[in-house]
Every structure is written in C-alpha cells, then in structure tokens.
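[1] let's see this in three dimensions:
(one chain, ligands or ions: 2)
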Amino acid sequence: MTTIMDIISGRDPHETEFHQAVTEVVGSVKLVLDKNPEYRHARIVERMVEPERIIQFRVPWVDDQGRVQVNRGFRVEMNSAIGPYKGGLRFHPSVNLSILKFLAFEQVFKNALTTLPMGGAKGGADFDPKGKSDNEVMRFCQSFMSELFRHLGADRDVPAGDIGVGGREIGYMFGMYKKLKNEFTGMLTGKSLNWGGSLIRPEATGYGSVYFAQEMLTTRHQTLKDKICLVSGSGNVAQYTTEKIIQLGGNVVTLSDSTGYIYDEKGIDLDKLVYVKYLKNLKRGRIREYAEKYPEAVYMEFDPAADHSPLWNHRADCAFPSATQNEINELDARNLVNNGVQVVCEGANMPTTLEGIDIFLDHKILFAPGKAANAGGVAVSGLEMAQNAMRIKWNSQEVEERLRKIMQHIHRECLVASEEYGTPGNYVNGANIAGFVKVAEAMMDQGVV
Ligand SMILES: NC(=O)C1=CN([C@@H]2O[C@H](COP(=O)(O)OP(=O)(O)OC[C@H]3O[C@@H](n4cnc5c(N)ncnc54)[C@H](OP(=O)(O)O)[C@@H]3O)[C@@H](O)[C@H]2O)C=CC1
Ligand SMILES: O=C(O)CCC(=O)C(=O)O
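    Ligands and ions are numbered 1, 2, ... in the order given. Next up, the predicted model:
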C-alpha cells in the first residue's frame with residue numbers, strides 16, 4: 001500500500017525537513033484516521049500535505065556598493081480551510097522550499113489550536129540581513145514586497161515576522177505594500193504600535209511558551225519558581241521567554257546565537273536582559289559580547305562538526321529551545337534527561353529531531369511541541385488582525401490576559417485529545433490531533449477543493 005510518506009518522498013525526495021514534520025503528524029493522526037475512515041476516504045491527509053499554492057519569485061536589489069544582488073523569494077500557502085493564510089516570513093540564507101513547507105505545514109495545525117480563524121502559510125527568502133546596512137535591508141524588503149503584494153490582503157494572506165524578520169523589516173514591507181495598493185489595511189502583523197500593531201505581539205511567542213510550561217508544571221503540582229532554565233537563541237522568542245521566566249521566579253542561565261552560547265551561572269536578570277535586547281535588536285551584535293560585559297559568564301563557540309551541543313549539557317530543570325529547527329538531536333536529548341531536565345518547551349519550530357522527541361516521551365518528560373508551545377505569537381497576530389478590523393486598540397493587560405487564556409486553552413485541548421486517543425500526557429499526539437481534527441472537519445464541510 002502506498003503511504004503518505006511514499007507520496008511526499010517520491011514527489012520531493014530532498015525535502016528532509018518537510019518529511020520530518022509530516023512523519024511526526026502522520027504518526028499521531030493515524031489514531032484519528034483509524035476511528036474516522038471518512039477522513040481516509042476524502043483523502044484529507046493527502047490533501048493537507050500538498051500546498052494549496054506555492055509562489056516563488058526573483059528578488060533583485062542593489063547593495064551599497066552599487067552591485068546588483070539576486071535572491072529567491074517564496075510564499076507557501078498551505079491550507080485555508082479555517083481562515084485566510086497566516087504565518088511568518090523568514091529571511092535566512094538556509095531558506096528553501098523544504099524548510100518553508102515544513103514551517104507552513106506546522107503552522108496549519110498551530111493556527112487551528114489557537115481557536116482563531118487562520119489558515120496556514122509561511123514564506124521568506126534566502127537573504128541574510130546580518131551585516132547588511134539599514135538601506136540594503138530596506139531595498140531588499142521593497143523588492144520582495146513589490147512581487148508578493150499581489151498575493152496578500154487582510155482577508156487573503158497575512159504574513160508576519162520569523163527568523164531575520166522583525167519590526168524593521170515589517171515596517172519596510174508594509175510601506176511598500178501601502179504605496180503599491182494605495183490602501184492601509186492589516187495585511188501584515190507585527191506592525192509598530194503607532195501604525196496598527198498590537199501591544200504584546202513582540203512578547204507573545206516567548207511569554208506564551210512560558211505560560212504553556214507553567215501549565216505543564218501545574219499538572220505535577222510544581223511552578224517555575226527557582227527552576228534552572230536553559231534557553232537557546234537570543235532573538236525575539238528567546239528574549240521574551242527569558243523575560244517571563246524571570247518574572248515567574250525562574251533562573252535562566254544560557255542564551256545563544258548561531259556561533260556560540262553564554263553560560264551565566266548567576267542567572268540572567270532583568271538588567272542583563274536589557275543589555276541583551278540592546279545588543280541583539282539595536283547594535284545587532286553577537287552573544288559573545290555578553291560575556292565581555294559580564295565576566296561572570298563564559299562564552300563557548302559552537303563546533304559545527306560536533307555530534308551534540310554543549311548548551312544542552314548543563315544541569316537544569318527546564319529547557320526552552322528558541323533558536324531554530326533540529327537544534328536538539330538524540331544525544332542532546334539524552335544529555336538533557338541525564339542532567340535532570342523535567343520540562344522541554346519548544347519556543348522554536350521543530351527544534352527537536354524525531355529521535356530526540358522519542359527520548360523525551362520515553363522518559364515522561366513534560367515535552368511541549370512547538371506547534372502548541374509557540375502558538376502565542378500567531379495567536380496575538382490573530383488578535384492584531386481583530387483589532388485592525390474593528391479599528392480599535394486593546395491595552396496590554398487585555399491582550400496579555402487573552403494570550404494567557406489562549407495558552408491555557410491550548411494546553412487543555414492537547415491533554416484532552418491525548419487522553420481521548422489513548423496516550424494521556426503525550427502533548428505531541430494531543431497537539432497534532434486537536435489541530436488536525438479542526439482543519440479536517442472544515443475540509444470535509446467544504447468539499448473536494
Ligand atoms: N517570532 C515569532 O513570533 C515566532 C517565532 N517562532 C520560531 O522561533 C524561532 C526563533 O525565531 P525568532 O526569535 O523570531 O527569530 P530571531 O531572528 O529574532 O532570532 C533567531 C535566533 O536564533 C538563532 N539562529 C537562527 N538560525 C540559527 C541556526 N541555523 N543555528 C543556530 N542558531 C540560529 C539566531 O542567531 P544568529 O543571530 O546568529 O542568526 C538568533 O539568536 C524560530 O524557529 C521561529 O520559527 C515560532 C513562533 C513565532
Ligand atoms: O504571527 C504570525 O503570523 C506567524 C508567527 C510564526 O511565524 C509562527 O508561528 O511560526
């Protein structure tokens with residue numbers, strides 16, 4: 001019998017990240033398909049793994065030396081069964097169709113979990129903003145949007161940020177869209193506060209991830225107070241994960257970027273975090289500089305040839321991988337377990353390999369997959385869309401309270417689904433199944449389209 005994996009690996013044999021994301025979901029939803037043969041008959045999964053539309057385009061721009069540069073831009077519109085396409089844009093040299101298809105696929109289930117009406121998409125370019133001047137980034141963003149604009153709209157497709165795309169890039173892209181379409185609409189989220197952005201959107205992914213960890217700990221009558229936490233990354237998600245952990249009494253001892261990590265045994269407090277935000281968001285420097293400013297911290301360079309990451313080999317209670325995909329492999333997972341970790345909460349998308357996930361599940365670690373744990377970002381994007389549509393603005397308490405309730409709801413949904421399908425406490429199955437059923441039901445209602 002031909003399996004889903006045969007179909008996708010036959011069609012696109014090199015898309016390893018996409019295969020990984022699909023393997024994980026298919027493993028969970030098999031339980032649903034066995035109970036609901038109508039989904040098999042309607043070939044729901046076969047349809048879900050094929051993007052509704054992929055847009056690929058040339059992005060030419062001129063650098064500060066007057067040389068013409070050419071990048072490749074994409075938007076993968078995966079599924080619009082429950083709402084307009086929604087998901088971030090990633091600017092990073094590693095961007096390709098495999099990575100964007102895995103991200104768009106994950107986004108479909110994540111967005112369904114938020115309970116808000118959003119379909120799933122992801123896009124970006126193999127452009128590296130690192131080391132570029134503001135003017136170069138602006139010219140790139142303008143060129144990127146001069147093609148993508150025709151596919152976007154508040155009721156059609158609403159991108160946001162992701163790796164390499166923050167407030168600066170969203171601003172440049174919004175400006176170009178507005179000029180080309182001569183309209184001011186909420187067709188991007190993550191906008192600045194004074195022109196349509198929502199309070200708490202920058203904080204939302206990190207805060208939401210920590211709320212999710214808190215909910216998981218509550219099931220074991222514990223809190224984050226005094227817990228030692230390993231956080232990877234030092235960008236948007238890592239910064240606000242760290243902030244919320246500190247607010248809840250935990251102790252964050254690591255941060256990283258793609259070249260290395262810092263270990264600060266005394267803990268990163270709110271003052272040090274202010275410096276990290278300045279270093280990463282304004283100075284656009286390297287995390288190494290943290291250890292130069294705070295000599296109590298040590299900096300370790302990553303060895304690209306190493307079989308594990310030393311960041312995950314410290315004594316700790318909780319781990320919040322918040323940098324990128326596949327940053328925790330099987331050996332890292334074993335190291336975390338041997339070092340006493342009880343909670344692994346994925347702020348990044350798919351940061352753990354399939355083998356790593358198995359280790360966590362086998363050891364009954366409280367393991368939250370990214371599509372549940374980091375859904376707070378897109379949830380507040382959904383709230384930004386709602387505020388834009390109503391032409392109102394909620395205050396930060398209101399938005400954060402909605403975020404907290406959404407994360408509690410997602411946590412409950414995951415637990416309920418995992419129990420209903422015979423794997424209690426397995427948040428991977430819970431998230432995949434709860435997200436899948438909502439999208440599958442909408443696809444059944446809407447016929448074969
Ligand atoms: N922003 C959001 O709202 C959401 C983000 N996510 C996910 O969270 C993760 C982080 O995103 P975000 O914080 O927004 O991105 P940022 O660009 O703000 O930060 C990314 C961080 O991860 C590091 N990083 C990036 N690529 C690699 C790599 N290949 N190897 C090691 N480190 C790397 C970066 O280091 P360096 O500076 O050296 O590149 C940087 O510290 C991603 O997986 C993203 O998809 C998920 C949900 C929402
Ligand atoms: O806010 C959004 O629309 C998308 C955020 C995102 O890219 C993600 O959840 O991975």
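
[2] who in this protein is up against ligand 2?
    Proximity of the chain to ligand 2, by CB under 6 Å from any ligand atom, involves residues 86-88, 107, 110, 160, 162, 189, 349, 374, 377-378, 381. For every residue, glycine as well, the C-beta is placed using N, CA and C.

[3] check these and tell me the two furthest apart.
    Spanning the widest gap among the residues of the chain next to ligand 2 are Thr189 and Asn349, at 16.9 Å by CB to CB.

[4] what about the longest strand belonging to the chain, distance to the chain center?
    Identified as the longest strand of the chain according to DSSP state E is strand 68-79. In terms of CA atoms, centre = their mean, to the nearest Å, the centre of strand 68-79 is found 18 Å from the chain centre.

[5] same thing with stretch 210-226?
    For stretch 210-226, the distance to the chain centre is 21 Å (CA atoms, centre = their mean).

[6] okay, how far is it across that stretch, tip to tip?
    End-to-end distance for stretch 210-226, by CA to CA, to the nearest Å: 14 Å.

[7] what mean pLDDT does that stretch have?
    Stretch 210-226 carries an average pLDDT of 98.

[8] and for stretch 288-306?
    Stretch 288-306 carries an average pLDDT of 98.

[9] how many neighbours does His363 have?
    Residues lying near His363 (other CB atoms under 10 Å) number 15.

[10] list the contacts of it.
    For His363, the contacting residues are Val337, by CB atoms under 8 Å, 6 or more residues apart in numbering.

[11] show me how far the strand or helix carrying Glu384 is from its chain's centre.
    Assigned by DSSP states H and E, Glu384 belongs to helix 375-390. Here the centre of helix 375-390 is set off from its chain's centre by 15 Å, with CA atoms, centre = their mean.

[12] for it, buried residues please.
    Within helix 375-390, the residues scored as buried using 16 or more other CB atoms under 10 Å are 375-388.

[13] same thing with stretch 173-192?
    Buried residues in stretch 173-192, defined by neighbour count with 16+ other CB under 10 Å: Met173, Phe174, Met176, Tyr177, Lys178, Thr185, Gly186, Met187, Leu188, Thr189, Gly190, Lys191.

[14] report all helices and strands that the helix or strand where Asp271 lies contacts.
    If you go by DSSP H and E, Asp271 is part of helix 270-277. Counting contacts by 3 or more CB pairs under 8 Å, 6 or more residues apart in numbering; DSSP states H and E, helix 270-277 packs against helix 236-247, helix 288-293.

[15] out of those helices, nearest to Glu203?
    Of all the helices and strands packed on helix 270-277, helix 236-247 comes closest under CB to CB, at 4.5 Å.

[16] what's the angle between the closest one and helix 375-390?
    Orientation check (axes from the mean of the first three to the mean of the last three CA atoms, to 10 degrees): helix 236-247 against helix 375-390 gives 100 degrees.

[17] what's the first helix or strand after helix 236-247?
    Counting by DSSP H and E, the element after helix 236-247 in chain order, helix or strand, is strand 251-256.

[18] contacts for the host helix or strand of Ala417?
    Ala417 belongs to helix 396-420 when assigned by DSSP H and E. Contact with helix 396-420 is made by 113-115, 198-200, 203-204, 207-208, 211-212, 215-216, 219, 372, 375-376, 379-380, 383, 394, 424-427, 429-431, 433-434, 437, as judged by CB under 8 Å, 6+ apart.

[19] before we move on, back to that, among the buried residues of stretch 173-192, which ones are in helices?
    When the buried residues of stretch 173-192 are checked against helices (DSSP state H), the matches are Met173, Phe174, Met176, Tyr177, Lys178.

[20] so what's the residue of the stretch 251-400 of the chain found nearest ligand 2 up against?
    Residue nearest to ligand 2 within the stretch 251-400 of the chain (CB to the nearest ligand atom): Ser381, separated by 3.3 Å. Ser381 makes contact with Lys86, Met118, Val158, Ala160, Thr189, Gly190, Ser198, Arg201, Ala204 under the criterion CB under 8 Å, 6+ apart.

[21] what's the spacing between the second one and Ala386?
    Counting by CB to CB, to the nearest Å, the gap between Met118 and Ala386 amounts to 11 Å.

[22] just the buried members of the contacts of helix 396-420?
    Those of the contacts of helix 396-420 that meet the buried threshold are 113-115, 198-200, 203-204, 207-208, 211-212, 215-216, 372, 375-376, 379-380, 383, 394, 425-427, 429-431, 433-434, 437, by 16+ other CB under 10 Å.

[23] Asn395 and Leu193 touch, don't they?
    No. Applying CB atoms under 8 Å as the test, Asn395 and Leu193 come out as separate, 11.4 Å apart.

[24] shared neighbours of these two, anything?
    The overlap between the contact sets of Asn395 and Leu193 (CB under 8 Å, 6+ apart) consists of Leu199.

[25] which of those two has more residues huddled nearby?
    Using other CB under 10 Å as the criterion, Asn395 and Leu193 rank with Leu193 on top: 13 against 10.

[26] which stretches in the stretch 101-250 of the chain count as strands?
    Here the stretch 101-250 of the chain has its strands, by DSSP state E, counting those that start in this stretch, at 120-125, 157-160, 228-231.

[27] what helices or strands is the last one leaning on?
    So the one you mean is strand 228-231. Using 3+ CB pairs under 8 Å, 6+ apart, the elements in contact with strand 228-231 are helix 236-247, strand 251-256, strand 318-320.

[28] can you rerun that using 10 Å?
    helix 201-218, helix 236-247, strand 251-256, strand 260-263, strand 318-320, strand 343-345 (3 or more CB pairs under 10 Å, 6 or more residues apart in numbering; DSSP states H and E).

[29] also the longest one?
    Using 3+ CB pairs under 10 Å, 6+ apart as the contact criterion, the secondary-structure elements in contact with strand 120-125 are strand 53-62, strand 68-79, strand 85-91, helix 97-113, helix 134-148, strand 157-160.

[30] could you export these as JSON lines, including mean pLDDT and distance to Ile365?
    JSON lines is the format used below for the helices and strands packed on strand 120-125 (pLDDT from 0 to 100; distance: least, CB to CB, whole Å):
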{"stretch": "strand 53-62", "mean pLDDT": "98", "distance to Ile365": "36"}
{"stretch": "strand 68-79", "mean pLDDT": "98", "distance to Ile365": "29"}
{"stretch": "strand 85-91", "mean pLDDT": "98", "distance to Ile365": "27"}
{"stretch": "helix 97-113", "mean pLDDT": "98", "distance to Ile365": "20"}
{"stretch": "helix 134-148", "mean pLDDT": "98", "distance to Ile365": "39"}
{"stretch": "strand 157-160", "mean pLDDT": "98", "distance to Ile365": "30"}
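
[31] noted, bye for now.
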